[in-house]
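Asks: Fold the following.
(2 chains)
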Amino acid sequence: MQIATWNVNSINARLETVLAWFQLAKPDVACLQELKCIDEKFPREPFESLGYNVETHGQKTYNGVALLSKFPIEDVRRGLPGDDEDLQARYIEGVIASPRPIRVGGLYLPNGNPIGTDKFAYKLGWMERLRRHAAGLLALEEAFVLAGDYNVIPEPEDADNPASWLGDALFQPESRAAWRALKHLGLTEAQAEVGEDPHAYTFWDYQAGAWQRNHGIRIDHLFLSPPAAERLTACVVHRDARAMEKPSDHVPVVANFAD
DNA sequence: ATGGTAGACCTTCTA
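Replies: As a prediction, the model looks like this:
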C-alpha cells in the first residue's frame, strides 16, 4: 500500500504533469494540496479513468485539498474541526477501505507569513487544532496517516540555507515547537523514520533559480499513528518530479505500508 | 542588492 502526498499548485494548471506522475508511480492513495479550484472544477474524469475514487474539498482561487484512492473512501470529513469560523479548505479525511483499513487525513497547513500578523496567529491556531484532532484520533487506536504540506521546516538540516529562513514563518521557533508537539503525541514521521535521506528536500521555490541551486526545504511530511507506523516499510521523496515539464514547486512524498 | 516566478483572475493576493 503506497500513500502519497503532493502539493500540486493548481490541479488544472498541473493536470498533465500530475497524470504523468500518477501513471508512473501508481500510488494507491494520494493526498493533493493547493487545488486552487472549487469542487465542480476538479478534473475528476481523468483520475477516475485511472481507477481512483475522488473526494475533494475545494475553494475558489486558494487552498483546496483532495483525497484519491483506488479503494473505496468511507467516513469522509471536510475541514479541520475546532473553529466554525474557518472557511479555508485545508483538510480532508477519509477511511481507506482496503483489506487492512487505514484512515488518511490530507492537509495544507497555513503558510503563516509574514510573522507578527494575523496570518501567523492563524497558522499557530490551526496547528493547535490539528494537534487536538490528532489526539482524538489516537484515542481510537487505529492506523492513520496525516499527510500534507505542513509549511514547517522542522530542523536546520531540512533547509539548504537555514539562516535565510530565520525570519520566515516556516522556521519560527513557535512553528517548529507546534510541529514537535504534534510528534510528541506519539506520532512517527515517515521520512525521518525510514527515508533513504531523512532530510531530502520536498520544495524548491520557482524564484531565483532555487531548483538549479538546490536551495530546497523539507516541508511535506507524513505523520503516522503507532498501528500505521508498525506497517511502515519505506518513504521515498520523488525529487525527479521537480524536473518535469511544468513542475509544481513541491514534489511527491510516498510512504509504503505492509499490506 | 529586498530582487526573482507561478497561478488565479481582473488588480492584487498568495505563496
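
Asks: Going by residue numbers, what spans are strands in the stretch 51-200 of chain A?
Replies: In the stretch 51-200 of chain A, the segments counted as strands under DSSP state E, counting those that start in this stretch are A:53-57, A:65-69, A:73-78, A:91-96, A:102-108, A:144-149, A:188-189.

Asks: want to throw those into TSV with distance to A:Phe223 and mean neighbour count?
Replies: Backbone N, C-alpha and C define where each C-beta goes, glycine included. Shown next, in TSV, are the strands of the stretch 51-200 of chain A (distance: least, CB to CB, whole Å; neighbours: other CB atoms under 10 Å):
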stretch	distance to A:Phe223	mean neighbour count
strand A:53-57	19	21
strand A:65-69	16	26
strand A:73-78	17	15
strand A:91-96	13	24
strand A:102-108	9	24
strand A:144-149	5	27
strand A:188-189	6	19
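
Asks: mind checking which of these is nearest A:Pro247?
Replies: With CB to CB as the criterion, A:Pro247 lies closest to strand A:144-149 of the strands of the stretch 51-200 of chain A, at 15.2 Å.

Asks: Who does the closest one pair with, and is each partner parallel or antiparallel?
Replies: Take DSSP bridges as the rule and strand A:144-149 pairs in its sheet with strand A:102-108 (parallel), strand A:220-224 (antiparallel).

Asks: Export only the CA atoms of that strand, formatted as CSV.
Replies: Written as CSV, here are the backbone C-alpha positions of strand A:144-149 (Å, rounded to 0.1, in the frame of the first residue of the first chain):
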residue,chain,number,x,y,z
PHE,A,144,-4.0,6.6,10.5
VAL,A,145,-1.8,8.9,8.4
LEU,A,146,-1.8,12.7,8.5
ALA,A,147,-0.1,13.7,5.2
GLY,A,148,0.5,17.0,3.6
ASP,A,149,2.2,20.3,3.2
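
Asks: chain center to it: distance?
Replies: For strand A:144-149, the separation from the chain centroid amounts to 6 Å (computed by CA atoms, centre = their mean, to the nearest Å).

Asks: Just confirm yes or no for stretch A:26-43 near DNA strand B.
Replies: Yes: applying CB under 7 Å from any atom of the strand, one finds that stretch A:26-43 is in contact with DNA strand B at A:Lys36, A:Cys37.

Asks: and the residue most central in space within chain A, what does it touch?
Replies: The residue lying closest to the centre of chain A (CA atoms, centre = their mean) is A:Gly148, at 0.9 Å. Neighbouring residues of A:Gly148 by CB atoms under 8 Å, 6 or more residues apart in numbering: A:Thr5, A:Asn7, A:Cys31, A:Gln33, A:Val65, A:Gly105, A:Gly106, A:Leu107, A:Tyr108, A:Leu109, A:Asp220, A:His221.

Asks: Serialize the residues you listed to a markdown table and add fields for pLDDT and distance to A:Gln59.
Replies: Shown next, in a markdown table, are these (pLDDT from 0 to 100; distance: CB to CB, whole Å):
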| residue | pLDDT | distance to A:Gln59 |
| --- | --- | --- |
| A:Thr5 | 98 | 18 |
| A:Asn7 | 98 | 15 |
| A:Cys31 | 98 | 16 |
| A:Gln33 | 98 | 12 |
| A:Val65 | 98 | 9 |
| A:Gly105 | 98 | 17 |
| A:Gly106 | 98 | 14 |
| A:Leu107 | 98 | 14 |
| A:Tyr108 | 98 | 10 |
| A:Leu109 | 98 | 15 |
| A:Asp220 | 98 | 20 |
| A:His221 | 98 | 22 |
